[in-house]
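Trainee: A structural model of the following input is requested.
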Amino acid sequence: MRVIEVAAFGGPEVLTVTEVPEPAPRPGEVRVEVAAADVLWVETAIRRGAGGTHFPVRAPYRPGVGVAGIVSAVGEGVDPAWTGRRVVTRTDERGGYLERAVVPADNLLPVPDGVSLPDAAALLHDGVTAMGLLDQVPLRPGDRVLVTAATGGLGALLVQEARAAGGYVVAACRGSAKRAAAYELGADLAVDYTEPGWTGLVRAATGGLDVVLDGAGGGYGRAAFDLLRAGGWFSAHGTPAGEFAVPDADAAAAQGITVLSIADVQFDVERRRRHLRAALDAAAAGRIKPLIGQTFPLHRAADAHRAIEDRSAIGKTLLTV
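Mentor: The predicted model follows:
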């Protein structure tokens, strides 16, 4: 069986294909024939050795944290009815960039009819975060909502959900191709936040914002905070621009702005399952559709990481098997 491994931290080229023995499920486990593997931006930072205290991974290791596929075998004590079912699941230290994953049966969620396995993989983490955020931020019809990193895997879901809630949605992203993608997602206004004056365009169109969902961080998030009206909401959950854009607590309190941080989207097992189920149900109902911008076969995992790091990726990046 092929699996991607990292022997030492470094550039994308350290993601190498290795042949390992076929895995067999132990008691309480199942084996999943992987159709699609989730790829996260944070995994590129971990691969570089920049996981920090939040992700204290040591090399050598196997990257990847979740897959979607079909159960092909069950271990002792597992209901045999799982065999042949389409599922989505988180994986463990055994990795997620591989052909077959062995996971605890308790990790599995069935994929609803009408939801493809790649879409299920795309929702495994970003869907949980999106539903978890919107479980805390009260979006109301007419709210003016800004989503930064709007055409990333998470941002694309937030744009669609904010639009479905009746909000006026501003998508902030990088470049003309991503702006076009944001409009296709349903954004009312899409701006390029790498261009000077983008905040002026947002203020002119909205008069000020009620909600900022910041998946970019850094200077982009700090600029977005200044667009909020009194009593608004600000979520600082992204770092692609270098750091979380957590605003000054006193400044936020003075304006009655409620601030959420990355800690507010760290969920226990049961809440993760609830939010993932909600995301899968929303996809099955046609309310959201993951934006899968590019897929790469398993042996090109390095190219998947390069696409994310050079900012050429639009939406979600997946590995396919």
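Trainee: what sits against residue 221?
Mentor: Neighbouring residues of residue 221 by Cβ atoms under 8 Å, 6 or more residues apart in numbering: 148, 212, 214, 236, 238, 241, 244, 245. Placement of C-beta: from N, CA and C, glycine included.
Trainee: hmm, try it at 7 Å
Mentor: 148, 214, 236, 245 (Cβ atoms under 7 Å, 6 or more residues apart in numbering).
Trainee: Was I right to think the second one contacts residue 148?
Mentor: Put plainly, it is residue 214. Yes. If you go by Cβ atoms under 7 Å, residue 214 and residue 148 touch, sitting 4.9 Å apart.
Trainee: Tell me which residues touch residue 5, please.
Mentor: Residue 5 touches 16, 18, 60, 62, counting by Cβ under 7 Å, 6+ apart.
Trainee: What residues of the helix or strand containing it count as buried?
Mentor: Using DSSP states H and E, the element containing residue 5 is strand 2-6. For strand 2-6, a neighbour-count test (16 or more other Cβ atoms under 10 Å) marks 3, 4, 5, 6 as buried.
Trainee: Adding pLDDT and distance to residue 177, write those residues out as a markdown table.
Mentor: Below are these laid out as a markdown table (pLDDT from 0 to 100; distance: Cβ to Cβ, whole Å):
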| residue | pLDDT | distance to residue 177 |
| --- | --- | --- |
| 3 | 98 | 33 |
| 4 | 98 | 28 |
| 5 | 98 | 33 |
| 6 | 98 | 30 |
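Trainee: picking that back up, with pLDDT, distance to residue 75 and neighbour count as added columns, please give the contacts of residue 221 in CSV.
Mentor: Formatted as CSV, the contacts of residue 221 follow (pLDDT from 0 to 100; distance: Cβ to Cβ, whole Å; neighbours: other Cβ atoms under 10 Å):
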residue, pLDDT, distance to residue 75, neighbour count
148, 97, 44, 29
214, 96, 43, 30
236, 94, 42, 25
245, 87, 45, 25
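Trainee: Off-centre distance for the strand holding residue 5?
Mentor: Mean-position distance between strand 2-6 and its chain equals 22 Å (Cα atoms, centre = their mean, to the nearest Å).
Trainee: what's in contact with the following helix or strand past that strand?
Mentor: Sequence-wise, the next helix or strand downstream of strand 2-6 (DSSP H and E) is strand 15-19. Residues outside strand 15-19 that contact it (Cβ under 7 Å, 6+ apart): 2, 3, 4, 5, 6, 7, 47, 63, 299, 301, 302, 305.
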